[in-house]
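In: Build me a structure from this.
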Amino acid sequence: MEKNNNISEIELLLRHICFNIKKEGRAILGNFDITPPQFNALQLLIDCGPLTIGELSNVLYLAPSTITDLVDRMEKSHLVIRERSTEDRRIVKVKAEEKAHILIEEVIKLRCDYINRLLTELSPKEIEDFMHYLKILNSGQ
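Out: So this is what the prediction gives:
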C-alpha cells in the first residue's frame, strides 16, 4: 500500500514541478516578444530543422489554421521564413531564422539559470543521480 502512496505523491510532485517550470518559463518569455506557442514552435524548428505547417501541427497538437497564424506572426517578426521545396513546389517548409536561434538561446539560458537556482543545494553526485532518474521517467515516452 505504501508504494501506491509514494507513486501518488511522485505524480503530484511532478505535476507541481511541471506547473512551476511552465509558470517561470512564461515569466521569462514576458521579457521577449514571443508567446509560449511561438517558443515551442521555434524550439522545434531549431531542433528538427525546417518543417511543413502540417508537421508542426502534428507535433504541437494544434490545428493547421492555428499554426498558419502562428507562422504568419513569426514571419512578420523575422523569426522564420517559408521556403518552397525545389523538388516539389507544392511543399512549403518553415525555417527558423538566425534571429530565432539567438532568441531561443537567450530564453534557454534564463530557463537553465532558474533550474540551476533550484538545484544549488544539491551535490554534483545528487545532480547526477537526479538526472539518471529523470532519464528513467522520460524513457517511458
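In: Give the residue spans of this structure that score low on pLDDT.
Out: 1-3, 141 (pLDDT under 70).
In: Give the closest residue to the spatially most central residue of it in space, chain neighbours not counted.
Out: Geometric centre of the chain, nearest residue: residue 40, 4.4 Å, by C-alpha atoms, centre = their mean. Excluding the flanking residues, the one nearest residue 40 by C-beta to C-beta, 6 or more residues apart in numbering is residue 60, at 5.9 Å. To be clear about C-beta, it is placed using only N, CA and C from the backbone, and glycine gets the same treatment.
In: Mind giving me the packing neighbours of the longest helix anywhere in the chain?
Out: Counting residues, the longest helix found in the chain (DSSP state H) is helix 2-29. Applying 3 or more C-beta pairs under 8 Å, 6 or more residues apart in numbering; DSSP states H and E, one finds that helix 2-29 makes contact with helix 36-48, helix 98-118.
In: mind listing what's buried in it?
Out: Buried residues in helix 2-29, counted by 16 or more other C-beta atoms under 10 Å: 24-25, 28-29.
In: Just put those in a markdown table and tack on distance to residue 131.
Out: Shown next, in a markdown table, are these (distance: C-beta to C-beta, whole Å):
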| residue | distance to residue 131 |
| --- | --- |
| 24 | 19 |
| 25 | 20 |
| 28 | 22 |
| 29 | 25 |
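In: Quick check: of those, which lies closest to residue 68?
Out: Distance to residue 68, by C-beta to C-beta, is smallest for residue 29 among the buried residues of helix 2-29, at 21.3 Å.
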